[in-house]
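Student: Could you look at this predicted model? Sequence included:
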Amino acid sequence: MKAVLTRVTSASVTVDGETVGAIDCPDTGGILALVGAGRDDADDAWETVARKIAELRILDGERSVEDAGAPVLLSLIHISEPTRQE
C-alpha cells in the first residue's frame, strides 16, 4: 500500500461526472490522500496508513491532522499487480 499526500484548502473527488467526496477547509487546511492498495497488502495495512496520515506533521505550523482537527479526503486506487512467474 502506498499513499501520496498533499495539503489543500479545498478538494473534491469525481467519479463518472459525480462528486463522491469533497472538503473545503480554508481555515485549517486539510489533506488529499491518494492511496494505492494491492491485493497482497496485509489486512492491517489500512490501520497503519490511517495512523500515519493522522499523525504526519504536514500542516502549517508543523501540525498534524489530529492537532488541527483538519479533514482528510481519501481517494482509493486499486492496484492489480500482474501474476509473477518464477
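Tutor: Thanks, I have it. Worth saying up front: this structure is predicted, and the values here are computed from it rather than measured.
Student: average pLDDT for the helix or strand hosting Glu66?
Tutor: In the assignment (DSSP states H and E), Glu66 maps to helix 65-68. What helix 65-68 shows for mean pLDDT is 94.
Student: Packing partners of it?
Tutor: helix 45-55 (3 or more CB pairs under 8 Å, 6 or more residues apart in numbering; DSSP states H and E). Bear in mind the C-beta positions are built from the backbone N, C-alpha and C, glycine included.
Student: residues touching the most centrally placed residue in the chain, list them.
Tutor: Compute the mean C-alpha point of the chain, and by CA atoms, centre = their mean the closest residue is Ala33, 2.3 Å away. Residues in contact with Ala33 (CB atoms under 8 Å, 6 or more residues apart in numbering) are Ala3, Val4, Leu5, Ile53, Val72, Leu73, Leu74, Ser75.
Student: rerun that using 7 Å as the cut-off
Tutor: Ala3, Leu5, Ile53, Val72, Leu74 (CB atoms under 7 Å, 6 or more residues apart in numbering).
Student: Other residues contacting the strand or helix carrying Ser75?
Tutor: If you go by DSSP H and E, Ser75 is part of strand 72-79. Under the criterion CB under 7 Å, 6+ apart, residues 11, 13, 21-23, 30-38, 53, 65 lie in contact with strand 72-79.
Student: Now, those that are in strands?
Tutor: 11, 13, 21-23, 30-38 (DSSP state E).
Student: still on that earlier bit, which of the contacts of Ala33 count as buried?
Tutor: Among the contacts of Ala33, those classed as buried by 16 or more other CB atoms under 10 Å are Ala3, Leu5, Ile53, Val72, Leu74.
Student: need those in a markdown table with pLDDT and distance to Ala45, can you?
Tutor: Formatted as a markdown table, the buried ones among the contacts of Ala33 follow (pLDDT from 0 to 100; distance: CB to CB, whole Å):
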| residue | pLDDT | distance to Ala45 |
| --- | --- | --- |
| Ala3 | 93 | 10 |
| Leu5 | 96 | 16 |
| Ile53 | 95 | 12 |
| Val72 | 96 | 17 |
| Leu74 | 93 | 14 |
